[in-house]
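A.B. asks: What would the 3D arrangement of this be:
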Amino acid sequence: MKNQHDFPYDVLENILSRLPVKSLLRLKTVCKSWNAMIKDPGFAGTHSKQSKLSNSQRFFVGYSCGEKTYSWMKFKGHEFYMESVGLFQSEEYKYAYYLCGCEGILLFEDIYRETRERKFVLLNPFTRNYSTFSCPFYDEILDNRICFCGWYGLCFDKYEDDYKFVAVLRGGRYLVYSVKNDSWIERQSELRGYVCFRGTYVNGVVYWIMSDCLSFFSPGEIVYFDPKDDLLKQLRGPEDLKNVNFELTNLRGNLCLYTIHEKSVIRIFLLKEHEHEHGGRKRWMKLMTADYNLEPPEDDLSKLFLPCRPLYLTSENEVVFQNPWSMTYAVYRPEKQKFGEIKKLPFDTVMIGSSCLESLHFPAIRREW
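C.D. replies: Reported below is the predicted structural model:
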């Protein structure tokens, strides 16, 4: 067998970068050179690119109602599997509240600490690395938000190689935290309104729905945070969706807009070829219209399925939908124009947020002592 030291570095990097994180963590013990390669930040970036190419965004944060803790789920072969119950190995943050995530990094709020100090917790669920940071504006955030998950977003700034946490307040104010520099800035935007849902991260940008009315069911506009200049900006939605309620998610690395409360159909649009530099073009493409039946046979209520949110887009353009109230999911097959078998999620789990990219990344907080 050829000795591993005989492989050119680029060949070995190409091979290892295609492996899942769980395998890479085991391979770190093979030899010092492999350990150094896998721990290198440049390798983590290469691995993330391979993950995006292989459509590995199959991991989800779920809340296990039975276990009363957060779980880590994987979708494979039209089935959800429980990877682990309890995302934190440390008991200290066992009951931290999930807010949002990006590039394999999850953000939690620690709200059950014995002290009154509130902290935010960053976690890579694949490597189990975590770190914390505090917010000097916490009381203002607490007064402004509608719910725990609203107002927040996390994004990766590729220009500065930095993760940024954004909290959108009322009156156009928003706060930006740089993980790399452990620093906060306060900004003012001309955009006015209420952000009711957690931010959706796609390709370096985090998006929200902003409404003029303090309601979860009021039509709104799409706004996004551009890390290149730290500004809040507005994005125009599809032309035929005026006065229609919609929500956002991430499907296969694309911003997804899907309609809600629109009779018994859900229309899904994907934002394709979008860029936020040099005046790049942004084009909405209609993916499908999914019809569902709200009147099942009286003797078989198990066939009643209300598809509230698309979770995952398969390589065959099938969409996995969740009904969080019944803790079930089903796959919509567009070629047949119908849903497949209704299945129960493991451990009475509710999926939270968008899918997560498998990653080795972890942001180091630079603190001045």
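
A.B. asks: low-scoring pLDDT stretches of the chain, where are they?
C.D. replies: Counting by pLDDT under 70, the chain shows low-confidence ranges at 1-7, 55-56, 112-117, 143-150, 213-219, 273-280, 293-304, 366-369.

A.B. asks: Surely residue 352 forms part of a helix?
C.D. replies: No. Using DSSP: H, G, I helix; E, B strand; the rest coil, the assignment for residue 352 is strand, not a helix.

A.B. asks: Isn't it up against residue 64?
C.D. replies: No. In this structure residue 352 lies outside contact range of residue 64 using Cβ atoms under 8 Å: 10.9 Å. Where you see a C-beta, it was placed from the backbone N, CA and C, and this is true even at glycine.

A.B. asks: Looking at the chain, which helix is longest?
C.D. replies: The longest helix of the chain (DSSP state H) is helix 41-53.

A.B. asks: follow-up on the earlier one: so for residue 352 and residue 64, which residues contact both of them?
C.D. replies: Counting by Cβ atoms under 8 Å, 6 or more residues apart in numbering, the common neighbours of residue 352 and residue 64 are residue 70.

A.B. asks: that older thread, could you point out which element follows the longest helix of the chain?
C.D. replies: Counting by DSSP states H and E, the next helix or strand C-terminal to helix 41-53 is strand 59-64.

A.B. asks: Please name every helix or strand in contact with the very next helix or strand once past that next one.
C.D. replies: The helix or strand immediately downstream of strand 59-64 is strand 69-76, counting by DSSP H and E. Here strand 69-76 touches strand 59-64, strand 79-85, strand 349-356, going by 3 or more Cβ pairs under 8 Å, 6 or more residues apart in numbering; DSSP states H and E.

A.B. asks: The first one versus strand 349-356: what angle between them?
C.D. replies: In this structure, strand 59-64 runs at an angle of 160 degrees to strand 349-356, with axes from the mean of the first three to the mean of the last three Cα atoms, to 10 degrees as the basis.

A.B. asks: partners of strand 59-64, with directions?
C.D. replies: Next to strand 59-64 in the sheet, as set by DSSP bridges, lie strand 69-76 (antiparallel), strand 349-356 (antiparallel).

A.B. asks: I'd like to know which of those strands lies nearest to residue 258.
C.D. replies: Residue 258 lies closest to strand 349-356 among those, at 12.0 Å (Cβ to Cβ).

A.B. asks: Contacts for the closest one, please.
C.D. replies: With Cβ under 8 Å, 6+ apart as the criterion, strand 349-356 contacts 57-65, 70-71, 73, 75, 80, 82, 98, 100-101, 104, 106, 125, 149, 198, 200-201, 249-251, 309, 311-312, 322, 324, 327, 329, 345.

A.B. asks: try stretch 305-317
C.D. replies: The contact list for stretch 305-317 (Cβ under 8 Å, 6+ apart) reads 55, 57-58, 60, 75, 247, 249, 251-252, 256, 258, 260, 266, 268, 287-288, 290, 292, 294, 319-326, 328-332, 334, 339, 342, 351, 355.

A.B. asks: Would you mind listing which of the residues you listed are buried?
C.D. replies: In terms of neighbour count (16 or more other Cβ atoms under 10 Å), the buried residues within these are 57-58, 60, 75, 247, 249, 251, 256, 258, 266, 268, 287-288, 290, 292, 319-324, 326, 328-332, 339, 342, 351, 355.

A.B. asks: So which residues make contact with stretch 31-45?
C.D. replies: So stretch 31-45 is in contact with 4-5, 9, 12-13, 16-17, 24-25, 27-29, 359-361, going by Cβ under 8 Å, 6+ apart.

A.B. asks: which ones are touching the residue lying closest to residue 171 once chain neighbours are set aside?
C.D. replies: Spatially, and ignoring its direct neighbours in sequence, residue 171 is nearest to residue 192 (7.0 Å; Cβ to Cβ, 6 or more residues apart in numbering). Applying Cβ under 8 Å, 6+ apart, we find residue 192 in contact with 171, 172, 212.

A.B. asks: returning to that earlier point: could you dump the helices and strands packed on strand 69-76 to JSON lines with distance to residue 167?
C.D. replies: Shown next, in JSON lines, are these (distance: least, Cβ to Cβ, whole Å):
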{"stretch": "strand 59-64", "distance to residue 167": "20"}
{"stretch": "strand 79-85", "distance to residue 167": "29"}
{"stretch": "strand 349-356", "distance to residue 167": "17"}
